[in-house]
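Q: prediction below, plus the sequence it came from.
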Amino acid sequence: QVQLVESGGGLVQPGGSLRLSCAASGFTFDIDAIGWFRQAPGKEREGVSCISSNNGNTYYTDSVKGRFTISRDNAKNTAYLQMNNLEPEDTAVYYCSRSRWGNGCRSLRSSDYYSWGQGTQVTVSS
């Protein structure tokens, strides 16, 4: 049974940091690219970042470049999203997902990913 479990969310002040984790099981983690997405109330799910299966390539949506860093530890079947200098606009439920297309990051469109986790809430507020 494929599972992706996100954790690490919480309430943080603007300018603060959080590190999200995505623990995977039920599939061969080290052959799939992993993406992070977020969805704010009333908005569509947005692709945030993707990392290829071997850590060789990373991609970010423009609004998080320079602030977020994606990584993965294939030995632990876990992906991470380090979020620094958080802004109120980053408030959303964050999800991780596996790429439909194997080891590369083809896009940050949610339709190119499957096996979604339950999400973890990130709230940035003073």
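A: Here it is on my side, so go on.
Q: mind checking pLDDT for the nearest residue in space to residue 13 that is not next to it in sequence?
A: Leaving aside its chain neighbours, residue 13 sits nearest to residue 126 (5.3 Å; criterion: CB to CB, 6 or more residues apart in numbering). Where C-beta positions appear, they are placed from N, C-alpha and C, glycine not excepted. pLDDT for residue 126: 95.
Q: from here on, count from 8
A: Got it, the first residue is 8 from now on, which makes the last one we talked about residue 133.
Q: which element is the spatially most central residue of the chain on?
A: Residue closest to the average C-alpha location in the chain (CA atoms, centre = their mean): residue 43, at 2.1 Å. Assigned by DSSP states H and E, residue 43 belongs to strand 41-46.
Q: wait, doesn't the residue nearest to residue 20 sit right on residue 22?
A: No - contact criterion CB atoms under 8 Å: residue 133 and residue 22 do not qualify, at 9.3 Å.
Q: so for the two, which residue has more residues nearby?
A: residue 22 (11 against 8; other CB atoms under 10 Å).
Q: quick one: secondary structure of that one?
A: coil (DSSP: H, G, I helix; E, B strand; the rest coil).
Q: list the contacts for it?
A: Contacts for residue 22 were tallied using CB atoms under 8 Å, 6 or more residues apart in numbering; they are 92-93.
Q: how about the helices in the chain?
A: Read by DSSP state H, the chain holds no helices at all.
Q: and the strands in it?
A: Using DSSP state E, the strands of the chain run over residues 10-14, 17-19, 25-32, 41-46, 53-58, 65-67, 75-80, 85-90, 99-106, 120-121, 127-131.
Q: note down every partner strand of the first one and its orientation.
A: So the one you mean is strand 10-14. strand 25-32 (antiparallel) (DSSP bridges).
Q: got the angle between the strand it pairs with and strand 53-58?
A: Here strand 25-32 runs at an angle of 70 degrees relative to strand 53-58 (axes from the mean of the first three to the mean of the last three CA atoms, to 10 degrees).
Q: any weak-confidence spans in this protein?
A: Applying pLDDT under 70 to the chain flags no residue at all.
Q: let's go with 80 and repeat that
A: For the chain, the stretches flagged by pLDDT under 80 are 62-63.
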